[in-house]
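>>> This is a predicted model, with the sequence first.
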Amino acid sequence: MTKAETLNKIGTLYIVATPIGNLEDISERALKTLAEVDLIAAEDTRHTGKLLSHFNIKAKTFALHDHNEKQKAQQILDWLNEGKDIALVSDAGTPLISDPGYAVVNLCRELGAQVTPVPGACAAIAAVSCSGLPTDKFQFLGFTPAKSQARQQFFTSAHESGITSIIYESTHRIMASLNDLSDALGAQQQVVFAKELTKTYETFFSGPVSELITFLTDEPERQRGELVLMLPGKGKETAAITPEAQKLISLLETEMPLKKACGVAAEYFGLKKNALYKAIIAQREE
Ligand code: SAM
């Protein structure tokens, strides 16, 4: 590079996704980027330090978290203008997705700096891709509100949207949230719960919220860890119906009430009785 080119070079801000549990999920490009940039902005430098040392990467890190990112944004822009390349990482998954970085990226875009993604793991996408819920349209709603009444409204409007909702929840609030969901939408409301994705105790549960509450209460250990909650949109509970179950229900319905037909079909195909019944009702109401 000539001296003039060096002077004109503007740096790039790389938004680098890191694993949400399984370290093998880091991409080759993420490793290369982290090894080559001049600086790494990390949500928690100690946490990222462990990741870097696992991959034998020596790099300069500095802290960028919710409390300092507005002040740091201008400093980062100055470094980019000096020609430094910078990577931005969070503790896990894709930065800015319920994680810091918005103020920095927003300022960089506003002032024309180069921002480019190095994509990878994201708990929301990992969860919904395995949920069995419709994925043609979905919404990511981040964390639930802190207060019970606001949470009930949150679940009601998520459901009313008619599309799949993906919600992050913390261990200490999951039971309160599920009780609010049940109060707002009924104990038979179908939900999908995904826990500890890509880790040893990865768990998926799908069924009525009342059964999820029982599942988590029976062994409180199950409430611990990192959690994603998913809710089908109103009228989209049809995910629980398989074509075979639908056919059997139609045959049985000529001889018995719909609810009983759903019960028999659910038992025969190993499906959740209430979810199947609710899904059939929702399908017919559409
Ligand atoms: N930026 C991250 C991403 O791309 O998914 C999300 C960070 S947010 C602060 C942390 C929340 O993400 C957790 O409370 C949980 O809801 C979800 N999460 C992160 N890792 C997860 C995992 N391995 N399994 C399930 N949920 C996870």
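Thanks, I have the structure now.

>>> Dihedrals phi and psi, whichever residue of the chain sits closest to the ligand?
Of the residues in the chain, the one nearest the ligand is G93, at a distance of 2.4 Å by CB to the nearest ligand atom. Bear in mind the C-beta positions are built from the backbone N, C-alpha and C, glycine included. Main-chain torsions, G93, degrees, to the nearest 10: phi 80, psi -150.

>>> how deep is it tucked in, by neighbour count?
Neighbour count for G93, taken as other CB atoms under 10 Å: 25.

>>> Can you tell me the SS state at the nearest residue to E160 once chain neighbours are set aside?
Counting by CB to CB, 6 or more residues apart in numbering, K234 is the residue found nearest to E160 once chain neighbours are left out, at 5.8 Å. Using DSSP: H, G, I helix; E, B strand; the rest coil, the structure places K234 in coil.

>>> Model confidence score at K234, please.
At K234, the model reports a pLDDT of 90.

>>> again, but for A103
96.

>>> Let me know whether the helix or strand containing it sits next to the ligand.
Using DSSP states H and E, A103 sits within helix 102-110. No - for helix 102-110, no contact with the ligand is found by CB under 6 Å from any ligand atom; the gap never falls below 11.9 Å.

>>> Check stretch 28-45 too.
No - figure legend: stretch 28-45 not in contact with the ligand (CB under 6 Å from any ligand atom); closest approach 8.6 Å.

>>> residues in contact with that stretch?
11, 14, 16-18, 48-49, 52, 55, 57, 59-65, 72, 76, 79, 84-91, 95, 99-101, 104, 118, 120 (CB atoms under 8 Å, 6 or more residues apart in numbering).

>>> repeat that for 7 Å
Stretch 28-45 is touched from outside by 14, 16-18, 48, 52, 55, 57, 59-65, 76, 79, 84-91, 99-100, 118, 120, with contacts defined as CB atoms under 7 Å, 6 or more residues apart in numbering.

>>> Which of those residues fall in strands?
Secondary structure from DSSP state E places Y14, V16, T61, F62, A63, I86, A87, L88, V89, V118 of those in strands.

>>> Next, the contact list for the residue nearest the centre of the chain, please.
The residue lying closest to the centre of the chain (CA atoms, centre = their mean) is A124, at 1.8 Å. With contacts taken as CB under 7 Å, 6+ apart, A124 has the following neighbours: I97, F140, I166, V228.

>>> Likewise for I57?
Counting by CB under 7 Å, 6+ apart, I57 makes contact with L34, A35.

>>> cutoff 8 Å now
I57 touches L31, L34, A35, counting by CB under 8 Å, 6+ apart.

>>> So which bits of the helix holding A103 are buried?
Neighbour counts over helix 102-110 (16 or more other CB atoms under 10 Å) mark A103, V104, V105, L107, C108 as buried.

>>> how about the residues of the stretch 151-286 of the chain near the ligand?
So far as CB under 6 Å from any ligand atom goes, the stretch 151-286 of the chain lies against the ligand at Y168, E169, S170, A194, K195, E196, L197, T198, K199, E226, L227, V228.

>>> Just the buried ones from these, in ChimeraX syntax?
The ChimeraX selection below is limited to those of these classed as buried (16+ other CB under 10 Å):
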select :168,169,194,195,196,197,198,226,227,228
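
>>> So which of the residues of the stretch 151-286 of the chain next to the ligand belong to strands?
Y168, E169, A194, K195, L227, V228.

>>> how about those residues in JSON lines, adding pLDDT?
Formatted as JSON lines, those follow (pLDDT from 0 to 100):
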{"residue": "Y168", "pLDDT": "98"}
{"residue": "E169", "pLDDT": "97"}
{"residue": "A194", "pLDDT": "97"}
{"residue": "K195", "pLDDT": "97"}
{"residue": "L227", "pLDDT": "97"}
{"residue": "V228", "pLDDT": "98"}
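
>>> one step back: so can I have CSV of the contacts of I57 showing distance to D183?
Listed next are these as CSV, based on distance: CB to CB, whole Å:
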residue, distance to D183
L31, 47
L34, 45
A35, 50
